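> sequence plus predicted model, see below.
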Amino acid sequence: MKKLGILLVFGILLACNENNTSKGLGAFESDDLEKVFSPSRDSNNLEETIIESAEYDDAPSPVVQEQKIIKTANLKFETKNVTETHQNIVSLARQHSGFIQNDNSGKDYGREYIRMTVRVPSEKFQLFLEGVSEGVGYFDQKEISQKDVTEEFVDINARLKAKRKLENRYLELLQKAKNVKEMLEIERNLSIIREEIEAKEGRLKFLQNKVSLSTFYIEFYKTSEVKSETTSYGQKVTNALKGGWNGISVFFLGILYLWPFLILLGLIIYLIRRYIKRRKRNK
(Lines give C-alpha, C1' and ligand atoms only; values in the text may rest on other atoms or scores of the structure.)
Protein backbone atom coordinates (compact mmCIF):
# COMPACT_ATOMS: atom_id res chain seq x y z
CA MET A 1 0.00 0.00 0.00
CA LYS A 2 2.88 2.35 0.87
CA LYS A 3 4.63 1.53 -2.38
CA LEU A 4 1.43 2.14 -4.33
CA GLY A 5 1.03 5.56 -2.69
CA ILE A 6 4.62 6.53 -3.48
CA LEU A 7 4.20 5.47 -7.13
CA LEU A 8 0.96 7.47 -7.35
CA VAL A 9 2.64 10.65 -6.00
CA PHE A 10 5.60 10.16 -8.36
CA GLY A 11 3.24 9.77 -11.32
CA ILE A 12 1.41 13.00 -10.45
CA LEU A 13 4.69 14.94 -10.15
CA LEU A 14 5.89 13.54 -13.47
CA ALA A 15 2.66 14.55 -15.20
CA CYS A 16 2.95 18.12 -13.82
CA ASN A 17 6.53 18.37 -15.04
CA GLU A 18 5.58 17.21 -18.53
CA ASN A 19 2.73 19.73 -18.58
CA ASN A 20 5.11 22.63 -17.69
CA THR A 21 7.63 21.47 -20.27
CA SER A 22 5.02 21.35 -22.99
CA LYS A 23 3.99 24.90 -22.06
CA GLY A 24 7.58 26.06 -22.38
CA LEU A 25 8.07 24.40 -25.75
CA GLY A 26 4.74 25.64 -26.98
CA ALA A 27 5.31 29.21 -25.86
CA PHE A 28 6.38 30.19 -29.34
CA GLU A 29 3.42 28.96 -31.37
CA SER A 30 1.05 30.61 -33.83
CA ASP A 31 -0.53 32.85 -31.19
CA ASP A 32 2.81 34.80 -31.08
CA LEU A 33 1.83 36.54 -34.29
CA GLU A 34 -1.40 37.73 -32.69
CA LYS A 35 0.55 39.01 -29.67
CA VAL A 36 3.17 40.71 -31.81
CA PHE A 37 0.88 42.36 -34.33
CA SER A 38 -2.12 43.06 -32.14
CA PRO A 39 -3.17 46.74 -32.07
CA SER A 40 -2.50 46.93 -28.35
CA ARG A 41 1.22 46.17 -28.85
CA ASP A 42 3.75 48.51 -30.41
CA SER A 43 5.99 47.13 -33.17
CA ASN A 44 9.03 48.00 -31.03
CA ASN A 45 7.90 45.29 -28.59
CA LEU A 46 8.36 42.59 -31.23
CA GLU A 47 11.86 41.75 -30.02
CA GLU A 48 10.73 41.75 -26.40
CA THR A 49 7.93 39.27 -27.20
CA ILE A 50 10.32 36.89 -28.94
CA ILE A 51 12.86 37.08 -26.09
CA GLU A 52 10.09 36.33 -23.57
CA SER A 53 9.20 33.22 -25.54
CA ALA A 54 12.82 32.03 -25.26
CA GLU A 55 12.89 32.15 -21.46
CA TYR A 56 12.02 28.47 -21.27
CA ASP A 57 15.29 27.45 -22.95
CA ASP A 58 17.86 25.66 -20.81
CA ALA A 59 20.55 27.90 -19.32
CA PRO A 60 24.04 27.24 -20.77
CA SER A 61 26.54 25.47 -18.55
CA PRO A 62 29.30 27.75 -17.23
CA VAL A 63 32.56 27.65 -19.22
CA VAL A 64 35.97 28.79 -17.96
CA GLN A 65 36.93 31.71 -20.25
CA GLU A 66 40.54 32.02 -21.36
CA GLN A 67 41.99 35.42 -20.47
CA LYS A 68 42.22 37.79 -23.44
CA ILE A 69 45.08 40.31 -23.15
CA ILE A 70 46.09 42.98 -25.70
CA LYS A 71 49.83 43.66 -25.38
CA THR A 72 51.44 46.84 -26.72
CA ALA A 73 54.97 48.28 -26.49
CA ASN A 74 56.33 51.76 -27.33
CA LEU A 75 60.13 51.88 -27.65
CA LYS A 76 62.44 54.77 -28.54
CA PHE A 77 66.24 54.68 -28.34
CA GLU A 78 69.48 55.91 -29.89
CA THR A 79 71.69 53.59 -31.92
CA LYS A 80 75.17 53.77 -33.39
CA ASN A 81 74.15 52.28 -36.73
CA VAL A 82 70.58 52.80 -37.99
CA THR A 83 70.90 50.31 -40.87
CA GLU A 84 72.18 47.47 -38.69
CA THR A 85 69.49 48.03 -36.06
CA HIS A 86 66.82 48.02 -38.76
CA GLN A 87 68.11 44.74 -40.20
CA ASN A 88 68.24 43.23 -36.69
CA ILE A 89 64.58 44.11 -35.99
CA VAL A 90 63.44 42.73 -39.38
CA SER A 91 65.35 39.51 -38.65
CA LEU A 92 63.85 39.24 -35.14
CA ALA A 93 60.32 39.72 -36.53
CA ARG A 94 60.81 36.86 -39.01
CA GLN A 95 62.43 34.68 -36.36
CA HIS A 96 59.40 35.06 -34.08
CA SER A 97 56.79 34.61 -36.85
CA GLY A 98 55.94 38.32 -36.91
CA PHE A 99 55.80 40.89 -39.68
CA ILE A 100 56.53 44.57 -40.35
CA GLN A 101 53.30 46.56 -40.59
CA ASN A 102 54.85 50.01 -41.11
CA ASP A 103 58.41 51.10 -41.91
CA ASN A 104 59.25 54.81 -42.30
CA SER A 105 62.64 56.53 -42.36
CA GLY A 106 63.76 60.14 -42.55
CA LYS A 107 66.22 62.84 -41.55
CA ASP A 108 65.86 66.05 -39.65
CA TYR A 109 68.37 68.55 -38.19
CA GLY A 110 71.36 66.49 -37.08
CA ARG A 111 69.40 63.22 -36.82
CA GLU A 112 68.64 60.15 -38.93
CA TYR A 113 65.71 58.01 -37.76
CA ILE A 114 63.50 55.00 -38.59
CA ARG A 115 60.00 54.37 -37.23
CA MET A 116 58.56 50.84 -37.38
CA THR A 117 55.34 49.09 -36.39
CA VAL A 118 55.89 45.38 -35.82
CA ARG A 119 53.23 42.71 -35.14
CA VAL A 120 54.40 39.63 -33.24
CA PRO A 121 52.42 36.65 -31.84
CA SER A 122 51.53 37.42 -28.23
CA GLU A 123 53.26 34.32 -26.91
CA LYS A 124 56.52 35.67 -28.41
CA PHE A 125 56.09 39.17 -26.92
CA GLN A 126 58.76 38.88 -24.23
CA LEU A 127 61.28 37.12 -26.50
CA PHE A 128 60.96 39.81 -29.17
CA LEU A 129 61.22 42.58 -26.56
CA GLU A 130 64.42 41.10 -25.17
CA GLY A 131 65.86 40.78 -28.69
CA VAL A 132 65.20 44.45 -29.51
CA SER A 133 66.51 45.60 -26.11
CA GLU A 134 69.79 43.73 -26.52
CA GLY A 135 72.66 46.19 -26.92
CA VAL A 136 70.54 49.26 -26.10
CA GLY A 137 72.23 51.36 -23.40
CA TYR A 138 69.07 53.19 -22.34
CA PHE A 139 65.61 53.92 -23.72
CA ASP A 140 64.34 57.44 -24.30
CA GLN A 141 60.90 55.85 -24.04
CA LYS A 142 59.84 52.36 -22.98
CA GLU A 143 56.14 51.77 -22.35
CA ILE A 144 54.65 48.30 -21.97
CA SER A 145 50.87 48.04 -21.65
CA GLN A 146 48.53 45.07 -21.22
CA LYS A 147 44.78 45.56 -21.64
CA ASP A 148 42.42 42.84 -20.42
CA VAL A 149 39.46 42.51 -22.83
CA THR A 150 38.17 39.19 -21.49
CA GLU A 151 34.98 40.77 -20.18
CA GLU A 152 34.26 42.43 -23.54
CA PHE A 153 34.96 39.12 -25.30
CA VAL A 154 32.46 37.27 -23.10
CA ASP A 155 29.87 40.04 -23.46
CA ILE A 156 30.10 40.14 -27.27
CA ASN A 157 29.92 36.34 -27.55
CA ALA A 158 26.86 36.25 -25.28
CA ARG A 159 25.16 39.03 -27.26
CA LEU A 160 26.01 37.31 -30.54
CA LYS A 161 24.44 34.08 -29.30
CA ALA A 162 21.31 35.95 -28.22
CA LYS A 163 21.11 37.84 -31.53
CA ARG A 164 21.43 34.64 -33.56
CA LYS A 165 18.72 33.00 -31.46
CA LEU A 166 16.57 36.08 -32.00
CA GLU A 167 17.21 35.88 -35.73
CA ASN A 168 15.94 32.29 -35.75
CA ARG A 169 12.83 33.37 -33.85
CA TYR A 170 12.10 36.02 -36.46
CA LEU A 171 12.56 33.46 -39.24
CA GLU A 172 10.04 31.20 -37.51
CA LEU A 173 7.62 34.12 -37.24
CA LEU A 174 8.16 34.93 -40.91
CA GLN A 175 6.87 31.49 -41.86
CA LYS A 176 3.70 32.12 -39.80
CA ALA A 177 3.02 35.60 -41.21
CA LYS A 178 -0.55 35.93 -42.44
CA ASN A 179 -0.24 38.99 -44.69
CA VAL A 180 2.23 41.32 -46.42
CA LYS A 181 2.22 43.85 -43.57
CA GLU A 182 3.37 41.22 -41.08
CA MET A 183 6.04 39.95 -43.48
CA LEU A 184 7.43 43.46 -44.08
CA GLU A 185 7.53 44.19 -40.33
CA ILE A 186 9.39 40.96 -39.58
CA GLU A 187 11.84 41.44 -42.48
CA ARG A 188 12.58 45.00 -41.31
CA ASN A 189 13.47 43.70 -37.84
CA LEU A 190 15.47 40.84 -39.35
CA SER A 191 17.55 43.37 -41.30
CA ILE A 192 18.31 45.33 -38.11
CA ILE A 193 19.27 42.16 -36.20
CA ARG A 194 21.58 41.00 -39.01
CA GLU A 195 23.34 44.39 -39.11
CA GLU A 196 23.92 44.15 -35.36
CA ILE A 197 25.27 40.60 -35.76
CA GLU A 198 27.72 41.72 -38.47
CA ALA A 199 28.89 44.67 -36.34
CA LYS A 200 29.53 42.45 -33.32
CA GLU A 201 31.29 39.83 -35.44
CA GLY A 202 33.53 42.59 -36.84
CA ARG A 203 34.37 43.84 -33.35
CA LEU A 204 35.10 40.28 -32.22
CA LYS A 205 37.50 39.73 -35.15
CA PHE A 206 39.25 43.03 -34.39
CA LEU A 207 39.75 42.10 -30.73
CA GLN A 208 40.92 38.61 -31.66
CA ASN A 209 43.51 40.09 -34.02
CA LYS A 210 44.78 42.48 -31.32
CA VAL A 211 44.93 39.68 -28.75
CA SER A 212 46.68 37.13 -30.97
CA LEU A 213 49.24 39.62 -32.35
CA SER A 214 51.03 42.07 -30.05
CA THR A 215 52.00 45.49 -31.44
CA PHE A 216 55.43 47.13 -31.12
CA TYR A 217 55.87 50.81 -32.01
CA ILE A 218 59.65 51.26 -32.38
CA GLU A 219 61.66 54.40 -33.14
CA PHE A 220 65.46 54.45 -33.22
CA TYR A 221 67.80 57.19 -34.39
CA LYS A 222 71.39 58.31 -34.77
CA THR A 223 72.56 61.85 -34.05
CA SER A 224 75.37 63.50 -36.01
CA GLU A 225 77.39 66.65 -35.28
CA VAL A 226 76.56 69.69 -37.37
CA LYS A 227 79.80 71.07 -38.83
CA SER A 228 80.04 74.85 -38.78
CA GLU A 229 81.99 76.35 -41.71
CA THR A 230 84.87 78.71 -40.77
CA THR A 231 85.46 81.66 -43.13
CA SER A 232 88.94 83.21 -43.64
CA TYR A 233 89.57 86.99 -43.59
CA GLY A 234 90.28 87.05 -47.33
CA GLN A 235 87.01 85.27 -47.99
CA LYS A 236 85.22 87.82 -45.84
CA VAL A 237 86.72 90.70 -47.88
CA THR A 238 85.69 88.99 -51.11
CA ASN A 239 82.18 88.45 -49.77
CA ALA A 240 82.01 92.14 -48.72
CA LEU A 241 83.06 93.34 -52.21
CA LYS A 242 80.55 91.02 -53.80
CA GLY A 243 77.90 92.30 -51.41
CA GLY A 244 78.74 95.95 -52.25
CA TRP A 245 78.57 95.29 -55.97
CA ASN A 246 75.29 93.47 -55.52
CA GLY A 247 74.00 96.48 -53.55
CA ILE A 248 74.91 98.90 -56.35
CA SER A 249 73.28 96.61 -58.90
CA VAL A 250 70.13 96.48 -56.86
CA PHE A 251 70.15 100.30 -56.51
CA PHE A 252 70.39 100.89 -60.26
CA LEU A 253 67.79 98.23 -60.92
CA GLY A 254 65.52 100.03 -58.48
CA ILE A 255 66.03 103.31 -60.37
CA LEU A 256 65.10 101.58 -63.61
CA TYR A 257 61.89 100.43 -62.02
CA LEU A 258 61.15 104.10 -61.10
CA TRP A 259 61.74 105.60 -64.58
CA PRO A 260 58.08 106.63 -65.16
CA PHE A 261 58.07 108.60 -61.91
CA LEU A 262 61.42 110.27 -62.77
CA ILE A 263 60.12 111.41 -66.16
CA LEU A 264 56.96 112.78 -64.53
CA LEU A 265 59.04 114.60 -61.89
CA GLY A 266 61.28 116.11 -64.58
CA LEU A 267 58.25 117.36 -66.53
CA ILE A 268 56.77 118.99 -63.42
CA ILE A 269 60.09 120.76 -62.64
CA TYR A 270 60.33 121.97 -66.26
CA LEU A 271 56.79 123.43 -66.16
CA ILE A 272 57.41 125.16 -62.84
CA ARG A 273 60.65 126.78 -64.07
CA ARG A 274 58.95 127.91 -67.28
CA TYR A 275 56.13 129.43 -65.29
CA ILE A 276 58.58 131.34 -63.06
CA LYS A 277 60.47 132.71 -66.10
CA ARG A 278 57.24 133.99 -67.68
CA ARG A 279 56.30 135.86 -64.52
CA LYS A 280 59.70 137.51 -64.40
CA ARG A 281 59.36 138.70 -68.03
CA ASN A 282 55.90 140.13 -67.42
CA LYS A 283 57.22 142.19 -64.51
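Nice, I can see it.
> which stretches of the stretch 1-150 of the chain have low pLDDT?
Along the stretch 1-150 of the chain, the parts satisfying pLDDT under 70 run over 1-65.
> what's the local residue count around residue 72?
Residues within reach of residue 72, counting by other Cβ atoms under 10 Å, total 15. To be clear about C-beta, it is placed using only N, CA and C from the backbone, and glycine gets the same treatment.
> where's residue 101, which helix or strand?
Using DSSP states H and E, residue 101 maps to strand 99-108.
> where along this protein do the helices fall?
Taking DSSP state H as the criterion, the chain contains helices spanning 2-25, 31-37, 46-53, 82-95, 125-133, 150-176, 180-212, 233-257, 259-282.
> re earlier: next one: the strand holding residue 101 to chain centre, how far?
On the basis of Cα atoms, centre = their mean, to the nearest Å, strand 99-108 is displaced by 19 Å from the centre of the chain it belongs to.
> and if you look at stretch 161-169?
29 Å.
> related to what we said a few turns ago, partner strands of the strand holding residue 101 and their direction?
strand 111-121 (antiparallel) (DSSP bridges).
> can you pull out the residues in contact with the strand it pairs with?
Strand 111-121 is contacted by residues 82, 85-86, 89, 93, 96-107, 128, 212-224 when judged by Cβ atoms under 8 Å, 6 or more residues apart in numbering.
> swap the cut-off to 7 Å and go again
With Cβ atoms under 7 Å, 6 or more residues apart in numbering as the test, strand 111-121 has contacts from 82, 86, 89, 93, 96-106, 128, 212-223.
> just the buried residues out of those, in ChimeraX syntax.
Burial among those is assessed by 16 or more other Cβ atoms under 10 Å; the matching ChimeraX selection reads:
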select :82,86,89,93,96,98,128,213,214,215,216,217,218,220,221,222
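> report the angle between the strand holding residue 101 and helix 82-95.
170 degrees (axes from the mean of the first three to the mean of the last three Cα atoms, to 10 degrees).
> out of everything not next to it in sequence, what's closest to residue 96?
residue 124 (4.1 Å; Cβ to Cβ, 6 or more residues apart in numbering).
> was I right to think that neighbour contacts residue 95?
No - assessed by Cβ atoms under 7 Å, residue 124 is found out of contact with residue 95, at 8.8 Å.
> out of these two, which sits in the more crowded spot?
Higher neighbour count among residue 124 and residue 95: residue 124, with 18 against 13, using other Cβ under 10 Å.
> so residue 196 is in contact with residue 160, correct?
No - with contact defined as Cβ under 7 Å, residue 196 does not count as touching residue 160 (9.1 Å).
> all set, thanks.
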